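*Asks:* Okay, predicted coordinates and the sequence, questions at the end:
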Amino acid sequence: MKKKPIVIGVAGGSGSGKTSVTKAIYEHFKGHSILMLEQDFYYKDQSNVPFEERLKTNYDHPLAFDNDLLLEHLNALLDHKSIHKPIYDYKLHTRSKDVMLVEPKDVIILEGILILEDKRLRDIMDIKLFVDTDADLRIIRRISRDMKERGRSFDSIIEQYLSVVRPMHNQFIEPTKRYADIIIPEGGHNYVAIDLMVTKIQTILELNAIL
Ligand SMILES: Nc1ncnc2c1ncn2[C@@H]1O[C@H](COP(=O)(O)OP(=O)(O)O)[C@@H](O)[C@H]1O
Ligand SMILES: Nc1ccn([C@@H]2O[C@H](COP(=O)(O)O)[C@@H](O)[C@H]2O)c(=O)n1
């Protein structure tokens, strides 16, 4: 009988370095049986909402996400079935028309600002990480990334940060730190924490292979 895949959750504030940590772990096992599932790709579809309205959506509130679909997909992968993962477009603020076929794998890394907020998701995770980075570093990283990669202006990033991102972080994201098994300071360049995670995953995979 096939072993249940290992699910690792990587949470943390926007700009904390979640994606960098996730990619570092993923790269280590690349070519092996591992996949990444980004909660951001499961923002609710807004293709029927006018663009001007999409600009006003609160993307840092738990209700912005379609966690039901995320859960459905996770359960399918745990059942060794493939899924059609949505693709998210940060410039258009909605899902793209395309989807991505994702085959089931032995290790699933689930990454997102609010993945530890939903008990249903927490209960599926074998290891829960929280990437913990000070707010000043997070906003500096976010400005740089959102201007380069997400088509945002400096003014729009600051306005969104002060009105939504910061208060939602304090209300919903920061409190989920208490659910984490491991807290990783500073994110993507914390090679000690990344190496520890890689070793842990390797051990679980080796045990699964012999048991
Ligand atoms: N430890 C770090 N030091 C400096 N920059 C970092 C570090 N970790 C991540 N970054 C950079 O900060 C930005 C946001 O990181 P990212 O991993 O996308 O964060 P998140 O997924 O939590 O929003 C990226 O441009 C990334 O290259
Ligand atoms: N249309 C959107 C959707 C999301 N965001 C912001 O993305 C952040 C989460 O992604 P990270 O990679 O930074 O974790 C979240 O804080 C949203 O504000 C957005 O700006 N526009």
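*Replies:* Sure thing, it's come through. Numbers count the residues shown, from 1 in each chain. Ligands and ions are numbered 1, 2, ... in the order given.

*Asks:* what's the spacing between the least confident helix or strand in the chain by mean pLDDT and its chain's center?
*Replies:* Least confident helix or strand, the chain: helix 191-210 with a mean of 86, by mean pLDDT, DSSP states H and E. Distance of helix 191-210 from its chain centroid, counting by Cα atoms, centre = their mean, to the nearest Å, is 20 Å.

*Asks:* average pLDDT for the top strand by length along the chain?
*Replies:* In the chain, taking DSSP state E as the definition, the longest strand is strand 94-102. In this model, strand 94-102 carries a mean pLDDT of 94.

*Asks:* For that strand, list every residue counted as buried.
*Replies:* With burial defined by 16 or more other Cβ atoms under 10 Å, the residues of strand 94-102 counted as buried are Thr94, Arg95, Val102. Bear in mind the C-beta positions are built from the backbone N, C-alpha and C, glycine included.

*Asks:* Name the residues of the protein found near ligand 2, please.
*Replies:* Ser14, Gly15, Lys18, Thr19, Asp40, Tyr43, Tyr59, Asp60, Tyr90, His93, Ile113, Val165 (Cβ under 6 Å from any ligand atom).

*Asks:* before we move on, the earlier item: tell me if the next helix or strand after the longest strand of the chain is near ligand 1.
*Replies:* As assigned by DSSP states H and E, the chain's next helix or strand after strand 94-102 is strand 107-111. No: with Cβ under 6 Å from any ligand atom as the criterion, ligand 1 is not reached by strand 107-111; the gap is at least 7.0 Å.

*Asks:* what does stretch 40-56 contact?
*Replies:* Residues from elsewhere that reach stretch 40-56 (Cβ atoms under 8 Å, 6 or more residues apart in numbering): 57, 59, 64-67, 69-70, 85-88, 92-95, 112.

*Asks:* coming back round to it: name the member of the residues of the chain next to ligand 2 that has the highest neighbour count.
*Replies:* Ranked by the number of neighbours (other Cβ atoms under 10 Å), the residues of the chain next to ligand 2 place Lys18 first, at 29 neighbours.

*Asks:* That residue touches Ile109, doesn't it?
*Replies:* No: counting by Cβ atoms under 8 Å, Lys18 stays clear of Ile109, with 9.9 Å between them.

*Asks:* Find residues that contact each of these two.
*Replies:* Jointly contacting Lys18 and Ile109 under the rule Cβ under 8 Å, 6+ apart are Val10.

*Asks:* Run through the residues of this protein sitting next to ligand 1.
*Replies:* Counting by Cβ under 6 Å from any ligand atom, the residues of the chain near ligand 1 are 12, 14-20, 141, 144-145, 186-189.
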